[in-house]
Each structure stands twice: as C-alpha cells, then as structure tokens.
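1. need the 3D shape of this:
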Amino acid sequence: MSRSRNAVLERFFTSLISGDRPGVREILDELFEADVPAERIVDHLIWPALEQIQQRTRADQLSQLSQQFATRLLRSTSDQLQPRYLAQPSRDLRALVTTGTDDAEELAGQLATDLLEADGYTVQYAGGGVANDELVAQIGASNIDRLVIFGSTPDTVPSTRQLIDRLHAVGVCPHLQIVVGGGVFNRAEGLAEEIGADLWASDPVALVKVMAENSQRRMSADQRTVGRRRPAAKKAA
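-> Residues are numbered from 1 along each chain as shown. Have a look, this model is predicted:
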C-alpha cells in the first residue's frame, strides 16, 4: 500500500465523490486481501480522503451532492473496518466523544470512537449538537475519565470553550482529561492550549497514541487561558 498509496487514494477519492459504491468496495477488498491492517487503512486512506472532502467543501470545490455521496460512503466503509481493529485489553477507563455538527465532523468522531474502543476504552459517542448542560450532566453521571472533542467546526469553538470552562469551574470528575483533535484544531495553531485542553492530536490514529502515552497529563490552572481575560493593552504615554 505504501508504494502506490497516492494512486489508491486518488482512486478511492474519485469513487467516493461520484457515489461509486462498487468501486469503493473493490478497493477495500483489495486491501483486505493484502492483509493491510484496518488501522493503517484509516491512517492512509480514510482520514486523508475525509480531509480532502473537508478542504474542498470549504473552498467550494465540491458540490453538495458529491460531498454527501462521499461522507455516506465513508461512513459505511468505517462500519466495515470497525470489527477489524486489533482489540486491546480493557483500560478500565470511560470516554465520552463529542464533535462538531456537520456530517464530516461526526464521521471523524465515529472513527475516533471506534479506535478508542478497540484500544480498551469504554466509549460513549454523542456526536454533535448536544447542549453543554447535558454533556456536563452525563460526564458526572457516568464518571467519565476522558472527554474527547474531535473535529469541532469554527462555529462550535465558543461553546467548546464554555464547556471546558464549566467543567473546570464546577469540578465535575476532577480526574477528567480533556482531549481535542482534528477539524478546526488542525487549522488554528495554539487553539487547543488556548481553550484549556489537556491533550491535542491531528487525526484519530494519532489521538489514540497521544492518549495512551500521556494518560497523566493535565493542564495546570495557570496554563489555562479559557475563561480568563487577556491583559489590557497599555496606553501610550
């Protein structure tokens, strides 16, 4: 797959945006027959294709029909990959995953959810559009260990800030680790730190690795900028 990865990705993307379901299945079958691990398919095929869809949609280079063809086919592809992930022993940790509200962001959240579940987490997937009050209540009721906010759109950043600020203010699950990734966090350098997240990752595969390697990392109170006023500009003398 590595030698012809770009050619496979181009084939795959073309099939996605044209709604070519047999074409997508043919590519998957080829990869399965070659014993390519499902995690590598996500990393080298599914995620790059999803990023292309998002980039072209933002640039108005993709029709709504093509965008919907592609995201629906990617969702069904992701469903086929889920049983093929290498299952790890239970971590005895509970995660809640939430996302932005559009189709591509929710699909990114599904990928993150499936990979985290395979890595031993007990995962609840909320998707997008859930009120912060409900999320806070769920985090407390389910004693959530990890809140994953994956692929938020720019429009949802203010509510994401408010959610993190509320969690810190009320002290729900003091052990909670807040992890963000993908979407607007990939395009706005420093945003993850600015809103008070403990960890950041660029894609679903990296997210699993970062969480496994930094399970104890938490932002200290003085590192969080969320909810704090910026220093006032000094007046000229």
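
2. contacts, neighbours, all on C-alpha from now
-> Noted.

3. how about the residue most central in space within the chain, what does it touch?
-> Nearest to the mean C-alpha position of the chain, counting by Cα atoms, centre = their mean, stands F150 at 3.2 Å. For F150, the contact set (Cα atoms under 8 Å, 6 or more residues apart in numbering) comprises 97-100, 105, 108-109, 112, 179-183.

4. make JSON lines out of the residues you listed and add secondary structure.
-> Putting these into JSON lines (DSSP: H, G, I helix; E, B strand; the rest coil) gives the following:
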{"residue": "V97", "secondary structure": "strand"}
{"residue": "T98", "secondary structure": "strand"}
{"residue": "T99", "secondary structure": "strand"}
{"residue": "G100", "secondary structure": "coil"}
{"residue": "E105", "secondary structure": "helix"}
{"residue": "A108", "secondary structure": "helix"}
{"residue": "G109", "secondary structure": "helix"}
{"residue": "A112", "secondary structure": "helix"}
{"residue": "V179", "secondary structure": "strand"}
{"residue": "V180", "secondary structure": "strand"}
{"residue": "G181", "secondary structure": "strand"}
{"residue": "G182", "secondary structure": "coil"}
{"residue": "G183", "secondary structure": "helix"}
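
5. follow-up on the earlier one: in the sheet, which residues pair with the residue nearest to the centre of the chain? Tell me.
-> Beta-bridge partners recorded for F150 (DSSP bridges): T99, G181.

6. any chance of the contacts of F150 in CSV, plus pLDDT and neighbour count?
-> CSV is the format used below for the contacts of F150 (pLDDT from 0 to 100; neighbours: other Cα atoms under 10 Å):
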residue, pLDDT, neighbour count
V97, 97, 24
T98, 95, 28
T99, 92, 31
G100, 86, 27
E105, 88, 25
A108, 92, 28
G109, 94, 28
A112, 96, 28
V179, 95, 22
V180, 93, 31
G181, 89, 26
G182, 85, 25
G183, 81, 23
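
7. among these, which pair sits farthest apart?
-> Within the contacts of F150, E105 and V179 form the most distant pair, 15.4 Å apart (Cα to Cα).

8. domains for this structure, by residue range?
-> For the chain, automatic domain parsing gives the domain ranges 5-84, 94-223.

9. worst average pLDDT in the ones you listed?
-> The minimum mean pLDDT among these belongs to domain 94-223 (a mean of 90).

10. how far out from the middle of the chain is it?
-> Relative to the chain's own centre, domain 94-223 is displaced by 8 Å; criterion: Cα atoms, centre = their mean, to the nearest Å.

11. which elements pack onto the longest helix along the chain?
-> Secondary structure assigned by DSSP state H gives helix 64-81 as the longest helix of the chain. Helices and strands touching helix 64-81, by 3 or more Cα pairs under 8 Å, 6 or more residues apart in numbering; DSSP states H and E, are helix 5-17, helix 47-58, helix 103-118.

12. by how many degrees do it and helix 103-118 diverge?
-> 10 degrees (axes from the mean of the first three to the mean of the last three Cα atoms, to 10 degrees).

13. could we number from 40 for the rest of this?
-> Fine by me, first position is 40 from now on; the one you just mentioned is helix 103-120.
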